[in-house]
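# my questions are about this predicted structure, shown below with the sequence.
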Amino acid sequence: MLGFSTFPALLPLFLDEWRLTGTEAGMLSGLFFAGYMLAVPLLTGLTDRLDARQVYLYSALLTGAATLAFALFAHDFWSAAPLRLLAGVGLAGTYMPGLRALTDRIPEQNHPRAVSFYTASFGVGASASYLFAGLIVDWLDWRWAFGLSVLGTALGLAIVLMLLRPRPAPRDPPAWRAILDFRPVLRNREAMAYILAYAGHNWELFGFRSWIVAFLAFALVLSPDPLAAVLTGTAVAAIVNLLGLPSSVMGNEFATRFDRRIVVSVIMGVSALLGCLVGFAAGLPYVLVVGLLMLYGITVTGESASLTTGTVLAADPQRKGAAMALHSFLGFAFAFLGSVMPGVVLDLAGGTSDATAWVLAFVCMALGAAVGPLLVLGLARRQVRVVTG
């Protein structure tokens, strides 16, 4: 994931150098998730028939190739768009298939905590990517930031090849035609509650990740601060995303001990309120803006592992791959929309240099979290889990 956040981390640079509109910038951020969305039903569904390790390895190669091609050939919106799409396809074959590879290799009683740590590591990868991009672009330029991030892909491939042993294909796999048959999952009320709430979560989370650095650049225009020399936009984004690790893990720990529906609903409700407040904060002193973004970073990821764990626990074991595929498909469809729509709102409301436009953009992001509690409380059964020992 070392190249995952490179584009949003350097978004202010691309807005200026390529003269992108807010909508175009949002599209380039969102096309990554569109590629993910289009490929994930097939690539994750394949794990019901193949060892997920195989899917992971080939997909990681695609991600690395697309990222390197961006470094070498991208020069405007149209040349960058297909490469962003292909990189997203690669992520589709690593994230959920990687989770399947994990859960296939550990005892079922360890799944809730393992899923929690795995999904939280997504935020660690995003955080490292922001920080890496910011450091490299300071020393070299944006092409080197993309090109050197391929080292992360190489390291991931080496780890999986050396440490993840091959596993036989699943016994009694579904027919090939059933890989993309999601009707059994759609009939699973419990799983669909968490899948739809995850879609709302991703609308908020990936909109926030796509626009946080650009928002900080705007905040510095309103309130210049020497602190920004240390807490650069990419550094703040890295810290904010890193906070997702403990918040996601702790959120899932609470969800395991108490009613998962209530825990998820409270976190998403608080996150929606904070998201609306962040948009008004641009004119505050920079240190306060950073503090509010860090608080928001805790809530915006707090329910992530809980939602994914809810889907995994509710899924039919024979159709786990299909459930995870639909979970990711809808989740990243809304990640795409959540990345694009703030840019559209910014363009319609006055652009990236207008304070009111940023307020409306953050309200747009927060809408995803606002609908989550309605979905979870309306569709999911009450689950109280008591953990002892």
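Alright, I've got the coordinates. Numbers count the residues shown, from 1 in each chain.
# for the most centrally placed residue in the chain, which non-adjacent residue is spatially closest?
The chain has residue 206 as the residue nearest its centroid, 5.5 Å off, counting by C-alpha atoms, centre = their mean. Spatial nearest neighbour of residue 206, chain neighbours left out: residue 335 (3.8 Å); criterion: C-beta to C-beta, 6 or more residues apart in numbering. Any C-beta I mention is one placed from the backbone N, CA and C, and that applies to glycine too.
# that neighbour: neighbouring residues, count only.
Residue 335 has 31 neighbouring residues, counting by other C-beta atoms under 10 Å.
# now do the contacts for it.
30, 33, 36-37, 202-203, 205-206 (C-beta atoms under 8 Å, 6 or more residues apart in numbering).
# where does pLDDT dip in this protein?
By pLDDT under 70, the low-scoring segments of the chain are 169-181, 228-229, 318, 378-389.
# any idea which element residue 273 lies in?
Residue 273 belongs to helix 260-279 when assigned by DSSP states H and E.
# can you show me the CA trace of stretch 27-42 as CSV?
Taking Å, rounded to 0.1, in the frame of the first residue of the first chain, the C-alpha atoms of stretch 27-42 are listed here in CSV:
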residue,chain,number,x,y,z
MET,A,27,-12.4,11.6,-10.4
LEU,A,28,-8.7,10.8,-10.4
SER,A,29,-8.9,9.9,-6.7
GLY,A,30,-12.2,8.0,-7.3
LEU,A,31,-11.1,6.1,-10.4
PHE,A,32,-8.7,4.1,-8.1
PHE,A,33,-11.8,2.9,-6.2
ALA,A,34,-13.8,2.4,-9.3
GLY,A,35,-11.2,0.0,-10.6
TYR,A,36,-11.4,-1.8,-7.2
MET,A,37,-15.2,-1.9,-7.4
LEU,A,38,-15.3,-3.4,-10.9
ALA,A,39,-12.7,-6.1,-10.2
VAL,A,40,-13.5,-7.1,-6.6
PRO,A,41,-16.5,-9.3,-7.2
LEU,A,42,-14.5,-11.6,-9.5
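# start at 29 instead
Got it, the first residue is 29 from now on, which makes the last one we talked about stretch 55-70.
# ok, residues contacting that stretch?
By C-beta under 8 Å, 6+ apart, stretch 55-70 touches 35-36, 39, 42, 48, 105, 108-109, 112-121, 123-124, 207-208, 210, 234, 238-239, 353-354, 356-357, 360-361, 363-368, 371.
# do the same with stretch 104-111
Contact with stretch 104-111 is made by 46, 48, 52, 55-56, 59, 94-95, 97-98, 101-102, as judged by C-beta under 8 Å, 6+ apart.
# let's have those in JSON lines, adding secondary structure and neighbour count.
Below are those laid out as JSON lines (DSSP: H, G, I helix; E, B strand; the rest coil; neighbours: other C-beta atoms under 10 Å):
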{"residue": "46", "secondary structure": "coil", "neighbour count": "16"}
{"residue": "48", "secondary structure": "coil", "neighbour count": "20"}
{"residue": "52", "secondary structure": "helix", "neighbour count": "21"}
{"residue": "55", "secondary structure": "helix", "neighbour count": "21"}
{"residue": "56", "secondary structure": "helix", "neighbour count": "26"}
{"residue": "59", "secondary structure": "helix", "neighbour count": "23"}
{"residue": "94", "secondary structure": "helix", "neighbour count": "25"}
{"residue": "95", "secondary structure": "helix", "neighbour count": "26"}
{"residue": "97", "secondary structure": "helix", "neighbour count": "18"}
{"residue": "98", "secondary structure": "helix", "neighbour count": "25"}
{"residue": "101", "secondary structure": "helix", "neighbour count": "11"}
{"residue": "102", "secondary structure": "coil", "neighbour count": "22"}
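# ok, so of those residues, who is nearest residue 158?
residue 95 (15.2 Å; C-beta to C-beta).
# once you drop chain neighbours, what's closest to that closest one?
Excluding the flanking residues, the one nearest residue 95 by C-beta to C-beta, 6+ apart is residue 31, at 4.3 Å.
# distance of the one you found relative to residue 177?
When distances are taken as C-beta to C-beta, to the nearest Å, residue 31 and residue 177 turn out to be 4 Å apart.
# which stretches of the stretch 129-278 of the chain form helices?
139-167, 170-191, 211-214, 217-250, 261-270, 272-285 (DSSP state H, counting those that start in this stretch).
# of all the ones you listed, which lies closest to residue 128?
So among the helices of the stretch 129-278 of the chain, helix 139-167 is nearest, using C-beta to C-beta, at 10.4 Å.
# related to what we said a few turns ago, after the helix holding residue 301 comes which helix or strand?
helix 314-329.
# dump the helix or strand following that next one to PDB, keeping only the CA atoms.
As assigned by DSSP H and E, the chain's next helix or strand after helix 314-329 is helix 332-342. In PDB, the C-alpha atoms belonging to helix 332-342 read as follows (Å, rounded to 0.1, in the frame of the first residue of the first chain):
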ATOM      1  CA  SER A 332     -14.300   0.000  10.100                       C
ATOM      2  CA  ALA A 333     -13.200  -3.400  11.600                       C
ATOM      3  CA  SER A 334     -16.500  -3.800  13.400                       C
ATOM      4  CA  LEU A 335     -18.400  -3.600  10.100                       C
ATOM      5  CA  THR A 336     -16.100  -6.000   8.200                       C
ATOM      6  CA  THR A 337     -16.100  -8.400  11.100                       C
ATOM      7  CA  GLY A 338     -19.900  -8.300  11.200                       C
ATOM      8  CA  THR A 339     -20.000  -9.300   7.600                       C
ATOM      9  CA  VAL A 340     -17.500 -12.100   8.000                       C
ATOM     10  CA  LEU A 341     -19.400 -13.500  11.100                       C
ATOM     11  CA  ALA A 342     -22.800 -13.300   9.400                       C
END
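# tell me what angle the helix or strand just after helix 332-342 forms with helix 217-250.
Next helix or strand after helix 332-342 toward the C-terminus (DSSP H and E): helix 348-377. Angle of helix 348-377 versus helix 217-250, following axes from the mean of the first three to the mean of the last three C-alpha atoms, to 10 degrees, is 30 degrees.
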